[in-house]
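Asker: A structural model of the following input is requested.
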Amino acid sequence: MIPAKAAFRVPLADGGEVRLHPLSPKDAPGLQAGLQRLSPLSRYRRFGRPVSRFSAEELRYLTAVDQRHHVAWGASDLSAPGRKGIGVARFVRLADRPGTAEIALTVVDAHQRRGLGILLLALLWRLGRAQGLRRFSGQIQAGNAPMLAILAQFDARIEASTGDCIDVSARLPETLDGFPDSALGRKARDAALRLSF
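Answerer: Got it, this is the predicted structure:
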């Protein structure tokens, strides 16, 4: 179980700093506001459909998490006024495969290419390994070339393809030494070293 007061600060590769914290229902307004700062393309890539606003039920699902079967963390920009939320990382354990969880990452467009996405991926790795997970899976839009390029560097395999969606999965390295020896693999390992809770 993740401690409720597990928030901590982490530097980004570009010199900025973020606060990472477990999501709870009090984060619902910030999540709703963050959705408005995502471009239509980013929303589609994350949800697979146009989304302009979360319903009350969706917000409950996204924030009222148990931090064991459904783990969700947010990132806030400490270098900006108001410390707005700029990213979310989550995984949900698959009931029929307890050692596997489906992951999702979201970074607000204005903060992409700052190293936050790889930091959130490293956070999910740390949290997942601590809870005994062995694989991550996910559904990617076939046209999401940036994410597919990232996954290729992590030896992700294609499990299935339906329409414009691709189901992928990747083994979680057991240790930091197990991260792939690629540019992104080295960045992920460095990001994981900066995380402590």
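
Asker: just the strands in the protein please.
Answerer: For the chain, the strands defined by DSSP state E occupy 8-11, 17-22, 70-77, 85-94, 97-107, 135-141, 157-162, 165-171.

Asker: nearest to Leu35, out of these?
Answerer: Taking Cβ to Cβ, strand 97-107 is the member of the strands of the chain nearest to Leu35, at 9.0 Å. For glycine as for every other residue, the C-beta is placed from the backbone atoms N, C-alpha and C.

Asker: what sits up against the longest helix along the chain?
Answerer: For the chain, the helix with the greatest residue count under DSSP state H is helix 116-130. For helix 116-130, the external contacting residues (Cβ atoms under 8 Å, 6 or more residues apart in numbering) are 2, 10, 12, 18, 20, 71, 73, 75, 86-91, 101, 103, 105, 107, 136, 150, 172-174, 184, 187-189, 191-192, 194-195, 197.

Asker: quick one: Asp109 and Ala170, what's the gap?
Answerer: To Ala170, Asp109 is 25 Å away according to Cβ to Cβ, to the nearest Å.

Asker: quick one: which of those two has more around it?
Answerer: Ala170 (16 against 13; other Cβ atoms under 10 Å).

Asker: and that one, bridged to which residues?
Answerer: Judged by DSSP bridges, the bridge partners of Ala170 are Phe136.

Asker: buried residues, stretch 10-18. List them.
Answerer: For stretch 10-18, the neighbour count (16 or more other Cβ atoms under 10 Å) marks 10, 12, 16, 18 as buried.

Asker: check what pLDDT the closest residue to Gly87 other than its chain neighbours gets.
Answerer: Of all residues not flanking Gly87 in the chain, Ala75 sits nearest, at 3.9 Å (Cβ to Cβ, 6 or more residues apart in numbering). Note for Ala75: predicted pLDDT of 96.

Asker: what's the weakest-modelled helix or strand in the protein?
Answerer: Counting by mean pLDDT, DSSP states H and E, the chain has its least confident helix or strand at strand 157-162, which shows a mean of 72.

Asker: and that strand, how far out from the chain middle?
Answerer: Here the centre of strand 157-162 is set off from its chain's centre by 20 Å, with Cα atoms, centre = their mean, to the nearest Å.

Asker: quick revisit: make a markdown table from the buried residues of stretch 10-18 and add distance to Arg53 and pLDDT to it.
Answerer: Formatted as a markdown table, these follow (distance: Cβ to Cβ, whole Å; pLDDT from 0 to 100):
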| residue | distance to Arg53 | pLDDT |
| --- | --- | --- |
| Val10 | 30 | 90 |
| Leu12 | 29 | 87 |
| Gly16 | 28 | 87 |
| Val18 | 25 | 93 |
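
Asker: check these and tell me the two furthest apart.
Answerer: Greatest spatial distance in the buried residues of stretch 10-18: Val10 and Gly16, 9.9 Å, computed using Cβ to Cβ.
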